[in-house]
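> With the input below, show me the fold.
(2 chains)
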2 protein chains.
Amino acid sequence: MKKAEKIQRLEQVIHDFYGDKQVAPSLIEAILYSVEAGGKRLRPLLLLELLEALGLDLQLAHFQLAAALELIHTGSLIHDDLPAMDDDDYRRGRLTNHKKFGEALAILAGDSLFLDPFALVARADLPSQIKVELLASLSEAAGSFGMVAGQVLDMEGENSQSSLEDLQAIHAHKTGKLLAYPFLAAAILAELDSSDRAGLIEAGQLLGLAFQVRDDILDVTANFDQLGKTPKKDLTAAKSTYPALLGLGEAQQFLDQLLERVLGLLTQLEQTSTFKGQVIRQMIEGLKLND
Amino acid sequence: MKKAEKIQRLEQVIHDFYGDKQVAPSLIEAILYSVEAGGKRLRPLLLLELLEALGLDLQLAHFQLAAALELIHTGSLIHDDLPAMDDDDYRRGRLTNHKKFGEALAILAGDSLFLDPFALVARADLPSQIKVELLASLSEAAGSFGMVAGQVLDMEGENSQSSLEDLQAIHAHKTGKLLAYPFLAAAILAELDSSDRAGLIEAGQLLGLAFQVRDDILDVTANFDQLGKTPKKDLTAAKSTYPALLGLGEAQQFLDQLLERVLGLLTQLEQTSTFKGQVIRQMIEGLKLND
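This is a model prediction of the structure:
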């Protein structure tokens, strides 16, 4: 299935989920404002591409899981942008949620985006045992042992000098856990054996780290139009970043190395399983920053 | 099992869950500050008492589900108290979470309390099919078709005159859904037939409404020490409440009527199932406000 069709079906699933039985229309409006702001849909696309690479025919349930992941990611962006957090006015080229709807509704929209996805997955047409595993690991990737923990570590690292090691621990949680989730979920859905599973999960973790390094580099090198948000926020906040710690050139090298390691793990998986990584490879190549 | 032992085991489950593998200790500190502030533990106790009334031996998994429910409730209290929401300084007689830890950490602690409970339940030792049903209905009771929707309706009703009908719709969601959840969850766990299940769920919904009427009455009649928070907030906010719409005396009568209807439904259940409602009855009698 083509990428555009995947995205279209993903967005339809989200729309159907929220269009169904609205209790508080303004809440749904605020939720959909941020969900429909777009973005690259990287996490859901990774999941869907990985499932195809593992030989699965894409079903509604797979799109529902992909949607759940995107909803949690969107909830975290809404809360990240709040005045008490990063205090951002723009996201994906539009006003942030609280700028558009006020802080109270933005907080509640984020809350919904954390709470709703679990029903979406739990009601999906999949074996119960698989759903339980998907739900447990989604909760763990997102909550106080995952993404949220990483946000706290990141916040505490602001205005202080973090080591490269600190920085990796922050990002392994803050962005790494949700970016690695497609790999973990694909392994669960394809019922991979434990060694193939471990390789796929490691690839996911490395990709999560790569993505953060890339984000840090872009914060220095890109402008508002390229980012869709205010650039150089990290510099202003005196945050430790990969370019700050390594220098820009070496940060770019580090990014390339990480992506090569991900590609290497996928090659290995192709040799031990039915995995066919072509499209995933292209996605990963697309993350390289060749100036 | 006695009430004090239930509460002690409940708190142990929460403590074990968060003590296990801390990534961001300050986050866990902020979470446990609010969770351990106590309160009546009404929702988890209702669940545990209902399970015993239905003849189940209490297992660790039941305490984990009860804990999950209390965690989501606590998350909603932390976010409710935020400056952008109700802007409260005190809760359960202590500083609110954001007064103690700052707004950013309070937002993230609430986020964790919405995300974590699903893993706690998904990892519990129960049949997968039952867990999936418990998880789906917990998510639905809490998210944008449940509690959060009710909070939005409540917010939009502030500074405006709501009808009695509006008020019931607000509360059916805002407090009703999570208060009814123990009844729904007990019906799932005890695998009641659909008619007994419907009766139990209706009792839960009426109890949820009763609890809100009671809360409104207490806001008018109680002082800080009795409430553990600032009283007469509703009056100050010019919110529609049951005493404001019905008068204090009639609001008290309405509360008694609701509780009697709950007791009536439980009596009915005793006649058609093995349900033994003695302890639940006492809990419900204890909610009456006899001046």
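
> Check the gap between the residue nearest to A:G102 when sequence neighbours are not counted and B:A185 for me.
Leaving aside its sequence neighbours, A:G102 sits nearest to B:A84 (Cβ to Cβ, 6 or more residues apart in numbering or on different chains; 7.6 Å). The way it works is simple: take the backbone N, C-alpha and C, and place the C-beta from them, glycine included. Going from B:A84 to B:A185 by Cβ to Cβ, to the nearest Å gives 32 Å.

> hmm, whichever strand or helix holds A:I72 in reach of chain B?
Using DSSP states H and E, A:I72 sits in helix A:60-80. Yes: among the residues of helix A:60-80, A:72, A:75-76, A:79 lie within reach of chain B under Cβ under 8 Å from any Cβ of the partner chain.

> want to try JSON lines for those residues, with pLDDT and neighbour count as columns?
Listed next are the residues of helix A:60-80 next to chain B as JSON lines, based on pLDDT from 0 to 100; neighbours: other Cβ atoms under 10 Å in any protein chain shown:
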{"residue": "A:I72", "pLDDT": "98", "neighbour count": "28"}
{"residue": "A:G75", "pLDDT": "98", "neighbour count": "28"}
{"residue": "A:S76", "pLDDT": "98", "neighbour count": "24"}
{"residue": "A:H79", "pLDDT": "98", "neighbour count": "27"}
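
> how far away is the residue in the stretch 151-291 of chain A that chain B sits nearest to from A:S163?
Closest contact between the stretch 151-291 of chain A and chain B, by Cβ to the nearest Cβ, is at A:V152 (4.0 Å). Distance, A:V152 to A:S163, by Cβ to Cβ: 18 Å.

> Which one's more surrounded, those two?
A:V152 (26 against 11; other Cβ atoms under 10 Å in any protein chain shown).

> quick one, what contacts that one?
B:24, B:26-27, B:105, B:108 (Cβ atoms under 8 Å, 6 or more residues apart in numbering or on different chains).

> three-state assignment of it?
helix (DSSP: H, G, I helix; E, B strand; the rest coil).

> So what's the predicted local confidence for it?
For A:V152, the pLDDT comes out at 96.

> Give the closest residue to it in space, chain neighbours not counted.
B:A24 (4.0 Å).

> Low-confidence ranges, the stretch 101-250 of chain A, go.
Flagging of the stretch 101-250 of chain A using pLDDT under 70 yields the residue ranges A:159, A:223-239.

> Mind doing that once more with 90?
A:157-169, A:171, A:175, A:211-212, A:215-216, A:219-241, A:244-245 (pLDDT under 90).

> circling back: and the helix or strand just after the helix holding A:I72, which strands flank it?
Using DSSP H and E, the helix or strand that follows helix A:60-80 towards the C-terminus is strand A:90-91. Strand A:90-91 has the following strand partners under DSSP bridges: strand A:94-95 (antiparallel).

> which helices and strands sit right next to the helix or strand following the strand it pairs with?
The first helix or strand that comes after strand A:94-95 along the chain, using DSSP H and E, is helix A:97-101. Packing partners of helix A:97-101 (3 or more Cβ pairs under 8 Å, 6 or more residues apart in numbering or on different chains; DSSP states H and E): helix A:25-35, helix A:103-115.

> ok, now which ones touch A:F183?
A:46, A:50, A:200-201, A:203-204, A:207.

> Find the helix or strand that it is a member of.
Counting by DSSP H and E, A:F183 is found in helix A:176-189.

> what about that helix, distance to the chain center?
The chain centre lies 10 Å from the centre of helix A:176-189; the measure is Cα atoms, centre = their mean, to the nearest Å.

> Stretch A:33-48 too?
8 Å.

> before we move on, what about stretch A:141-148?
Worked out by Cα atoms, centre = their mean, stretch A:141-148 lies 12 Å from the chain centre.

> Excluding covalently adjacent residues, which one is nearest to A:E140?
B:A119 (4.9 Å).

> Check which helices and strands the helix or strand that contains that neighbour sits against.
Using DSSP H and E, B:A119 sits in helix B:117-122. If contacts are counted by 3+ Cβ pairs under 8 Å, 6+ apart, helix B:117-122 sits against helix A:128-142, helix B:60-80, helix B:128-142.

> any idea how far it is from the chain center?
17 Å.

> what residues are up against the residue nearest to A:E140?
Counted by Cβ under 8 Å, 6+ apart, B:A119 has contacts A:135-137, A:139-140, A:143.

> what residues does the stretch 151-291 of chain A put near chain B?
A:151-153, A:155-156, A:173.

> Switch these over to TSV; also include distance to B:L115.
What follows is these, written out as TSV (distance: Cβ to Cβ, whole Å):
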residue	distance to B:L115
A:Q151	12
A:V152	13
A:L153	16
A:M155	17
A:E156	19
A:H173	13
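
> In chain A, spot the helix with the most residues.
Counting by DSSP state H, the longest helix found in chain A is helix A:194-221.

> so how far is it from its chain's centroid?
The answer for helix A:194-221 is 10 Å, by Cα atoms, centre = their mean.

> How many neighbouring residues does A:K3 have?
A:K3 is flanked by 14 other residues according to other Cβ under 10 Å.

> list the contacts for the nearest residue to it once chain neighbours are set aside?
Excluding its sequence neighbours, the residue lying closest to A:K3 (Cβ to Cβ, 6+ apart) is A:L45, at 6.7 Å. Neighbouring residues of A:L45 by Cβ under 8 Å, 6+ apart: A:3, A:6-7, A:66, A:283.

> who wins for neighbours among these?
A:A66 leads these on contacts (other Cβ under 10 Å) with 27 neighbours.

> if we can go back for a sec, select, out of the helices and strands packed on helix A:97-101, the one closest to A:G277.
Set against A:G277 and scored by Cβ to Cβ, these come closest in helix A:25-35, at 28.9 Å.

> Compute the number of surrounding residues for the closest residue to A:L95 other than its chain neighbours.
Leaving aside its sequence neighbours, A:L95 sits nearest to A:D89 (Cβ to Cβ, 6+ apart; 6.6 Å). Look at A:D89: counted by other Cβ under 10 Å, it has 13 neighbours.

> cool, A:D256 as well?
With other Cβ under 10 Å as criterion, A:D256 counts 16.

> part of a helix, is it?
Yes: the assignment for A:D256 is a helix, going by three-state DSSP.

> host element of A:V23?
Judged by DSSP H and E, A:V23 forms part of no helix or strand.

> helix/strand/coil for the residue nearest to it when sequence neighbours are not counted?
With Cβ to Cβ, 6+ apart as the criterion, A:V23 has its nearest non-adjacent residue at 3.8 Å, and that residue is B:A149. At B:A149, secondary structure determined by three-state DSSP is helix.

> Hmm, A:A30 and B:A149 touching each other?
No: in this structure B:A149 lies outside contact range of A:A30 using Cβ atoms under 8 Å: 11.8 Å.

> Can you give me the buried ones in stretch A:154-162?
Across stretch A:154-162, burial judged by 16 or more other Cβ atoms under 10 Å in any protein chain shown covers A:154-157, A:162.

> tell me which residues of stretch A:277-291 are tucked away?
A:277, A:279-281, A:283-284, A:287.

> A:V121 and B:G75, how far apart?
For A:V121, the distance to B:G75 equals 20 Å [Cβ to Cβ].

> Same check on A:E36?
Using Cβ to Cβ, A:E36 is found at 26 Å from B:G75.

> Likewise for A:L51?
For A:L51 relative to B:G75 (Cβ to Cβ), the value is 32 Å.

> Check A:Q212 too.
Distance from A:Q212 to B:G75, by Cβ to Cβ: 27 Å.

> do A:L135 as well
Separation of A:L135 from B:G75 (Cβ to Cβ): 18 Å.

> quick revisit: between B:A84 and B:A185, which one's more packed in?
Each of B:A84 and B:A185 has its neighbours counted (other Cβ under 10 Å); B:A185 has more, 28 against 20.
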